[in-house]
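Undergrad: A predicted structure for the sequence below; I have some questions about it.
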Amino acid sequence: MTISTDSVDPEMIDGPRRWDIKFIRKFMLTFGLLSSVFDYLTFGALLFFLHATPKQFRTGWFIESVLSASLIVLVIRTRKPFYQSKPGKALFWTTLAVAVAIFIFPYSFLGPLFGFVPLPAVFFPVLGIILLLYIASAEIAKKLFYKGGRYKNQ
């Protein structure tokens, strides 16, 4: 909901823009496939590296998927590196609140209602590395996506 209150990079409002269905399709395919790669990487890490039980898998997948979806918005909302483009206050604070809530949720009284369990400490560095790799990969994909110049004025 807070995306609608986001601030926009000044160069994105220097003139009118047209919707381009080919651009949207290519963007969705590029970043959708990247997301799928990291979904499978997370599945593999949880199952084959961490040997997660079904409840640990469900909890780990929940934490990683919600956190990555929230954070990746900060990456793809701008053509600049995400750390060079300041998001709107509502988007920033909501993203931070979601991140905190996601870590607390499995430990709350609501966690067991959803089949979540507290995770062993070893899960967090592994999920953190996957998340950092996803963000770095999205930055690289974004740079390559816009590099050709075809989408310079989109």
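TA: Ah, there it is. Numbering: from 1, shown residues only.
Undergrad: For the rest of this, base every contact and every neighbour count on C-alpha atoms.
TA: Fine.
Undergrad: If you count neighbours, what's buried in stretch 52-72?
TA: In terms of neighbour count (16 or more other C-alpha atoms under 10 Å), stretch 52-72 has its buried residues at 52, 55-65, 67-68, 70-72.
Undergrad: Could you tell me which of the residues you listed are located in helices?
TA: Applying DSSP state H to those, the entries found in helices are 55-65, 67-68, 70-72.
Undergrad: So which residues of this structure form helices?
TA: 21-44, 54-76, 89-104, 123-147.
Undergrad: Looking at these, which one is packed in the most?
TA: helix 54-76 (a mean of 19; mean count of other C-alpha atoms under 10 Å).
Undergrad: avg pLDDT for that helix?
TA: On average, the pLDDT along helix 54-76 is 95.
Undergrad: Dump that helix to PDB, restricted to CA.
TA: C-alpha atoms of helix 54-76 as PDB (Å, rounded to 0.1, in the frame of the first residue of the first chain):
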ATOM      1  CA  PRO A  54       8.600 -29.600   7.600                       C
ATOM      2  CA  LYS A  55       7.700 -26.900  10.200                       C
ATOM      3  CA  GLN A  56      11.200 -25.400  10.000                       C
ATOM      4  CA  PHE A  57      11.000 -25.400   6.200                       C
ATOM      5  CA  ARG A  58       7.600 -23.600   6.300                       C
ATOM      6  CA  THR A  59       9.000 -21.100   8.800                       C
ATOM      7  CA  GLY A  60      12.300 -20.500   6.900                       C
ATOM      8  CA  TRP A  61      10.400 -20.200   3.600                       C
ATOM      9  CA  PHE A  62       8.000 -17.700   5.100                       C
ATOM     10  CA  ILE A  63      10.700 -15.600   6.600                       C
ATOM     11  CA  GLU A  64      12.900 -15.600   3.400                       C
ATOM     12  CA  SER A  65      10.100 -15.100   0.900                       C
ATOM     13  CA  VAL A  66       8.300 -12.200   2.700                       C
ATOM     14  CA  LEU A  67      11.600 -10.500   3.600                       C
ATOM     15  CA  SER A  68      12.900 -10.800   0.000                       C
ATOM     16  CA  ALA A  69       9.700  -9.600  -1.500                       C
ATOM     17  CA  SER A  70       9.600  -6.600   0.800                       C
ATOM     18  CA  LEU A  71      13.300  -5.700   0.200                       C
ATOM     19  CA  ILE A  72      13.400  -6.300  -3.500                       C
ATOM     20  CA  VAL A  73      10.800  -3.600  -4.000                       C
ATOM     21  CA  LEU A  74      13.500  -1.200  -2.700                       C
ATOM     22  CA  VAL A  75      15.800  -2.500  -5.400                       C
ATOM     23  CA  ILE A  76      13.500  -2.500  -8.500                       C
END
